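Participant: Dropping a prediction and its sequence here:
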Amino acid sequence: MLRFFLIGFLATAVLAVGVAAAIGSWAWYVLLVILVALLVVGVYDVIQTRHSILRNYPVLGHMRYLLESLRPELQQYFIERNYDGRPYDRDVRTMIYERAKGINGELSFGTERDVEAVGYEYLVHSIAPVTQPAEPPRVLIGGPDCTRPYSMALLNVSAMSFGALSANALRALNRGAALGGFAHDTGEGGLTPYHLDGGGDLVWEIGSGYFGTRTGDGHFDPARFKDRVAHERIKAVSIKLSQGAKPGLGGVLPAAKVTPEIAEFRGVPVHEKCVSPAAHSAFSTPRELIRFIAGLRELSDGKPIGFKLCVGSRVEVLALCKAMLAERSTPDFIIIDGAEGGTAAAPLEYEDHIGLPLTDGLMIMHNALVGAGLRDRIKLGASGKIALGNDIVKRLIQGADFTMAARAMMMAVGCIQAQRCHTNECPVGVATQDPRRARALDVADKSERVFHYQRATTMQAAQIMASLGVSEIAQLTPHLLRKRISPTEQRSYAELYEWLTPNQLLEEPPATWVLDWVAADPDSFRPQFAGLDR
């Protein structure tokens, strides 16, 4: 058998080289050491039981594991075309890097994409474009119950916690946000000095673990919330119901990663496993959620309060709308996270097969609010693979008022899409708690890059809007976004999708929505399909 031949060959070689070394030069000793090491490895491979390939192919089998470890780099740098990498292709990554560095971010010689492929989308320019505004548009966040509204930028830093990102990465993001006048979402891991370091505006995210505002047994602590939310840098509060990478699943931080510092910020015991429950304990029904939001607004002295979710069921969205109507109270904003988004590590089954993509989730929420007569009270944010100006404009057309970006902002501070965020071995110091790796990230330089990237991207979005003949967000309509649906036909979003009119669900729900509307219950997230022809 091959394994015995290899071991025999190495043993014979060791013996021969040993004799030569005894009568020859020192170079034979070097060769002898190498052969002895290979013989030891070969013998170990044969007797170990964990890897079958090494038992049958000692020494040589290690080549398989070496090539496997190099595969991501080989794929990214030598095999992928400019436009087919995942989750972000090289063209998009290059554009982010160049804009972050203050380079124009332009390409020449035409597109490499197949513009005639089914599914290809494009924006409809105008023969009579308008003048580009000097500054990108902003949107005022705050409904009728909010006394301290906030002017939100077109593109902001999406939720990323300390623990997921390094302290230096958070510092750079926050300082960049301060330079550019846009918001920085803290993520659910608690409010830390690193989020406050640069003076940027914050959206404080509160998840099911209530980190930073929890009691000893893990429930929401109103007194602690009131004390912390008073900080001048906190401009809004977002309740995380679910996220794109793993909707319906809570997070777990292993005990080894719960350092004294992280334990302090999260309000949990040090060196003990930190679990984010899948569901909130402060509420369990749509109506209770709306009351909880109203309570947080009162505790925060009138700051905007909203929630973030990855949409799954349209019935649940409609149940939320009914609860808002019943309570005569609304959130100030809702952020829709797409299933294609998310920086968090998650099981493959969740990343690939659970949750609606951003396009579907965003349009469901927009239409539900319009049909329930609530859209003018609530601003919508979109989060999920937002990277370039066209991404922003596309989401605005689909119903959003502003956008959030996580991975693109990570790239602006140096992320190279190594996809090792969950290993604590980020090669550029962005997604790690290893101080030796994190020190590679220069805060002063990367904060400038965050500022330049956000500025260039929002200005590009404003320029695209001007090319469409639009001078403000309200003028964007579904007619301006088209999709190819066959080799010979393309249609606008106005034709492809159903768009409800104000109060339509209250007056006469369309046939395509009526069953879900009837099944929606303001006192339960469970669809009430009993007795319905479903």
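Facilitator: Good, I have the coordinates.
Participant: Between its first and last residues, how far does stretch 234-246 reach?
Facilitator: Using Cα to Cα, to the nearest Å, the end-to-end distance of stretch 234-246 comes to 26 Å.
Participant: buried ones in that stretch?
Facilitator: 234-246 (16 or more other Cβ atoms under 10 Å). Using the backbone N, CA and C atoms, a C-beta is placed for each residue, glycine as well.
Participant: Among those residues, which one sits closest to Glu188?
Facilitator: Nearest to Glu188 among those is Lys240, at 5.2 Å by Cβ to Cβ.
Participant: between the buried residues of stretch 234-246, which is closest to Ala474?
Facilitator: Using Cβ to Cβ, Ala236 comes nearest to Ala474 of these, at 21.7 Å.
Participant: Okay, strands next: where are they in the stretch 201-350 of the chain?
Facilitator: With DSSP state E, counting those that start in this stretch as the criterion, the stretch 201-350 of the chain has strands at 201-206, 234-240, 252-253, 274-275, 305-309, 333-337.
Participant: what mean pLDDT would you report for the third one?
Facilitator: Regarding strand 252-253, the rounded mean pLDDT is 70.
Participant: Quick check: Gly371 vs Leu165, distance?
Facilitator: Per Cβ to Cβ, to the nearest Å, Gly371 is found 38 Å from Leu165.
Participant: neighbour-wise, which of the two wins?
Facilitator: When Gly371 is set against Leu165 and neighbours are counted by other Cβ atoms under 10 Å, the residue ahead is Leu165, at 31 against 24.
Participant: Now for the residue nearest to the more buried one when sequence neighbours are not counted: which residues touch it?
Facilitator: Spatial nearest neighbour of Leu165, excluding adjacent residues (Cβ to Cβ, 6 or more residues apart in numbering): Ala431 at 5.8 Å. Ala431 makes contact with Ala164, Leu165, Ser166, Ala169, Thr343, Met410, Cys415, Arg420, Cys421 under the criterion Cβ atoms under 8 Å, 6 or more residues apart in numbering.
Participant: Tell me how many other residues crowd the first one.
Facilitator: Ala164 is flanked by 25 other residues according to other Cβ under 10 Å.
Participant: Kindly provide the distance from it to Glu106.
Facilitator: According to Cβ to Cβ, Ala164 stands 33 Å off from Glu106.
Participant: So which of the contacts of Ala431 wins on neighbours?
Facilitator: The most crowded member of those, judged by other Cβ under 10 Å, is Leu165 (31 neighbours).
Participant: and it, bridged to which residues?
Facilitator: With DSSP bridges as the criterion, Leu165 is bridged to Phe162.
Participant: Mind naming the longest helix for this protein?
Facilitator: In terms of residue count, the longest helix belonging to the chain (DSSP state H) is helix 443-467.
Participant: Just the buried residues of that helix, please?
Facilitator: In helix 443-467, counting by 16+ other Cβ under 10 Å, buried: 443, 446-467.
Participant: how about the contacts of Ala431, which pair is most distant?
Facilitator: Spanning the widest gap among the contacts of Ala431 are Ala169 and Arg420, at 14.2 Å by Cβ to Cβ.
Participant: Show me the helices in the stretch 151-300 of the chain, by range?
Facilitator: Applying DSSP state H, counting those that start in this stretch to the stretch 151-300 of the chain gives helices spanning 167-180, 193-196, 222-229, 260-266, 286-299.
Participant: ranking those by burial, who's on top?
Facilitator: Highest mean neighbour count among the helices of the stretch 151-300 of the chain (mean count of other Cβ atoms under 10 Å): helix 167-180, with a mean of 25.
Participant: tell me which of the contacts of Ala431 is nearest to Glu351?
Facilitator: The shortest approach to Glu351 among the contacts of Ala431 belongs to Thr343, at 11.4 Å (Cβ to Cβ).
Participant: What does the pLDDT read for the closest one?
Facilitator: Note for Thr343: predicted pLDDT of 59.
Participant: ok, now Gly105?
Facilitator: Note for Gly105: predicted pLDDT of 71.
Participant: Same check on Pro87?
Facilitator: For Pro87, pLDDT reads 73.
Participant: what's stretch 122-134 in contact with?
Facilitator: Against stretch 122-134 from outside (Cβ under 8 Å, 6+ apart): 115, 390, 393-394, 397, 459, 462-464, 466-471, 479-482, 492.
Participant: meant to ask about stretch 502-512
Facilitator: Residues contacting stretch 502-512 (Cβ under 8 Å, 6+ apart): Leu318, Cys321, Ala368, Val370, Gly371, Ala372, Gly373, Arg375, Glu498, Leu500, Trp513, Trp517.
Participant: Stretch 455-474 now?
Facilitator: For stretch 455-474, contacts defined as Cβ under 8 Å, 6+ apart pick out 99, 102, 105, 123-126, 128-133, 135-137, 139, 153-155, 180, 387-390, 392-393, 396, 401, 476, 480.
Participant: pLDDT on that stretch, on average?
Facilitator: Stretch 455-474 carries an average pLDDT of 95.
Participant: Return the distance of that stretch from the chain's centre.
Facilitator: Counting by Cα atoms, centre = their mean, to the nearest Å, stretch 455-474 is centred 24 Å from the centre of its parent chain.
Participant: go on, stretch 43-62?
Facilitator: Here stretch 43-62 is found 40 Å from its chain centre; the criterion is Cα atoms, centre = their mean.
Participant: model confidence over that stretch, on average?
Facilitator: Averaging pLDDT along stretch 43-62 yields 76.
Participant: Give the buried residues for it.
Facilitator: By neighbour count on 16+ other Cβ under 10 Å, the buried set for stretch 43-62 is Asp45, Val46, Leu54, Tyr57, Pro58, Val59, Gly61.
Participant: I'd like these laid out as JSON lines, including secondary structure.
Facilitator: Compiled in JSON lines, the buried residues of stretch 43-62 are given as follows (DSSP: H, G, I helix; E, B strand; the rest coil):
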{"residue": "Asp45", "secondary structure": "helix"}
{"residue": "Val46", "secondary structure": "helix"}
{"residue": "Leu54", "secondary structure": "helix"}
{"residue": "Tyr57", "secondary structure": "coil"}
{"residue": "Pro58", "secondary structure": "coil"}
{"residue": "Val59", "secondary structure": "coil"}
{"residue": "Gly61", "secondary structure": "coil"}
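Participant: ok, of those residues, which one's closest to Ala278?
Facilitator: Leu54 (39.8 Å).
Participant: That closest one contacts Gly61, correct?
Facilitator: Yes: using Cβ atoms under 8 Å, Leu54 is in contact with Gly61, at 4.3 Å.
Participant: Overlap in contacts, the two.
Facilitator: Contact with both Leu54 and Gly61 is made by residues Asp45, according to Cβ under 8 Å, 6+ apart.
Participant: ok so the residue nearest to Leu165 is a strand residue?
Facilitator: No: Ala431 is assigned coil when assessed by three-state DSSP, not a strand.
Participant: Give the buried residues for stretch 349-358.
Facilitator: Neighbour-count burial for stretch 349-358, counted by 16+ other Cβ under 10 Å, picks out Tyr350, Glu351, Ile354, Gly355, Leu356, Pro357, Leu358.
Participant: Next, count neighbours for Asp337.
Facilitator: For Asp337, using other Cβ under 10 Å, the count is 31.
Participant: Ok, Leu481 next?
Facilitator: Leu481 is flanked by 23 other residues according to other Cβ under 10 Å.
Participant: From Arg491, how far off is it?
Facilitator: From Leu481 across to Arg491, the span is 10 Å (Cβ to Cβ).
Participant: now swap in Ala236 and tell me
Facilitator: Ala236 is 37 Å from Arg491, by Cβ to Cβ.
Participant: again with Asp221
Facilitator: The value you get for Asp221 to Arg491, if Cβ to Cβ is used, is 52 Å.
Participant: neighbour count winner among those two?
Facilitator: Asp221 (17 against 13).
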